[in-house]
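Enquirer: Kindly generate the corresponding structure for this input.
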Amino acid sequence: MKTLYISDIENRIGEEVELFGWVYRQREHGGVVFVVLRDSTGIVQISIHKNNVNPDSFNNAQKVTIESSVRVKGKVIEDSRAPTGLEIRCSEFEILSLSEKFPIQEGAGKEFLLDVRHLALRSIRLTEIMKIKELIIQGARKYLQKNDWHEVFPPIITSAACEGGTTLFSIDYYGREAYLSQSAQLYLETAIYSLEKVYSLTPSFRAEKSKTRRHLSEYQHLELEAAWMDADDIMKVEEELVAAMCREVSEYKNLEKFGRKKEEMILNLPLERIKYDEAIQIIQSKGIDIEWGDDFGYEEEKVLTNEFEEPFFVYNYPMEAKVFYMKQNPDGKTYACADLLAPKGFGEIIGGSQREDDLKALERRMEIEGIDKSRYKWYLDLRRYGSVVHSGFGLGIERLLMWICNLEHIRDACLYPRTITRLEP
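Expert: Next comes the predicted model:
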């Protein structure tokens, strides 16, 4: 069993160590072969001197290919010429599996890299991104556990839409039509009557025929619902949660590789809040053709968010721009809802609202929008039996990661991106 990782050797200078990993780079200079070894924790240079190893070890180092798996033994020394300032002076070099010629070469195109995603995931950059993704989820769980939120596990096969029927993936469920979940929200609402504050982390599916740099057909959705919270209360939870997730990332040692500084990940709370009306004015002032009542698309959010340095809320959207379950404001025109947008063109990362808790008001809204109430009988029952003020939101993990890592495209924020054109591998 492997017991030592590359990240451990900085505390083993002058000692003999044994490492297992994959060949990242290889070159020969005179009587020395230099191999850069990688594992899940980083890279280190191995120097194999012809006169310091047995003939088999030197021969192995000469013929080893990129991505071959190897076992290396040697002494850890400091060397400023090495990529990380440390080097292993090799005493044994064993090939465990000699790789065929690796198909990914420098300058490979984006589509090709997606075709061979199962191999492209070995890149150091994607490895770093996946580690940061893990950290933001750890940050979320720490915050939620500390503040007494209960994790629940809702189904992802559903009988009814949450976000509108036009973006549903339908499936045959034993001869009945069913759908892949767009959101766990409706099921989470049922749980607040027992657990009060609940959350789930599940995949969500949206059949949106969009080719923008921030759309996925399948993504990881962190959703929260809470009894006894109004729209203002839930916005406070949202900003605290995102701040905790960013704070978890702030200590990551390689954050600067993504053009981020630690201090950028320490958010200044409370975050700025602007009304939808003000957001419309900002967008219109930039020459974008948009009218009051329109929801924001990619271009509108890009223009708007370029005006901000930190995430910010846009609240009180018009009713026609949002979905039926949101709480109507006293003005009769807007919902008690808010989106949290990331700055500098990254756009929406959270959508949330106070939910409509009045049965008659909810039924009226469903009638106006032509929604079949019989398919939501169980959801309407929540308003019949002990209804309470409640609110919730959904956070797209890949959207947040995209902003944190300054990613050009959201496809790099997941292991295997599912988009309108991509189903394999």
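
Enquirer: now the helix ranked longest in the chain, how far from the centre of its chain.
Expert: For the chain, the longest helix by residue count, based on DSSP state H, is helix 124-146. The chain centre lies 9 Å from the centre of helix 124-146; the measure is C-alpha atoms, centre = their mean, to the nearest Å.

Enquirer: Let's test this: mean pLDDT of it, rounded?
Expert: Taken as a whole, helix 124-146 carries a mean pLDDT of 98.

Enquirer: helix or strand right after that helix?
Expert: strand 150-151 (DSSP states H and E).

Enquirer: ok, and what's touching that following strand?
Expert: Strand 150-151 is contacted by residues 144, 191, 195-201 when judged by C-beta atoms under 8 Å, 6 or more residues apart in numbering. Quick note: C-beta positions are derived from backbone N, CA and C, even for glycine.

Enquirer: Export these to TSV and append columns for distance to residue 419, neighbour count and secondary structure.
Expert: TSV is the format used below for the contacts of strand 150-151 (distance: C-beta to C-beta, whole Å; neighbours: other C-beta atoms under 10 Å; DSSP: H, G, I helix; E, B strand; the rest coil):
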residue	distance to residue 419	neighbour count	secondary structure
144	30	21	helix
191	32	19	helix
195	35	18	helix
196	37	17	coil
197	34	20	strand
198	30	25	strand
199	27	24	strand
200	24	22	strand
201	21	17	strand
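
Enquirer: Contact partners for residue 74?
Expert: 16-17, 46, 88-92.

Enquirer: CA atoms only for the host helix or strand of residue 360 - export them in CSV, please.
Expert: For residue 360, the element it lies in under DSSP H and E is helix 359-368. Provided in CSV are the C-alpha atoms of helix 359-368 (Å, rounded to 0.1, in the frame of the first residue of the first chain):
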residue,chain,number,x,y,z
LEU,A,359,-53.1,28.2,-0.2
LYS,A,360,-55.5,30.4,-2.1
ALA,A,361,-52.8,32.7,-3.4
LEU,A,362,-50.8,29.8,-4.6
GLU,A,363,-53.8,28.2,-6.3
ARG,A,364,-54.7,31.5,-8.0
ARG,A,365,-51.2,31.8,-9.4
MET,A,366,-51.2,28.3,-10.7
GLU,A,367,-54.5,28.9,-12.5
ILE,A,368,-53.2,32.1,-14.1
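
Enquirer: Could you report the neighbour count for the closest residue to residue 241 other than its chain neighbours?
Expert: Of all residues not flanking residue 241 in the chain, residue 143 sits nearest, at 5.5 Å (C-beta to C-beta, 6 or more residues apart in numbering). The local packing of residue 143 (other C-beta atoms under 10 Å) involves 19 other residues.

Enquirer: go on, residue 87?
Expert: Neighbours of residue 87 (other C-beta under 10 Å): 22.

Enquirer: can you map out the helices along the stretch 301-425 of the chain?
Expert: 359-368, 377-384, 397-404 (DSSP state H, counting those that start in this stretch).
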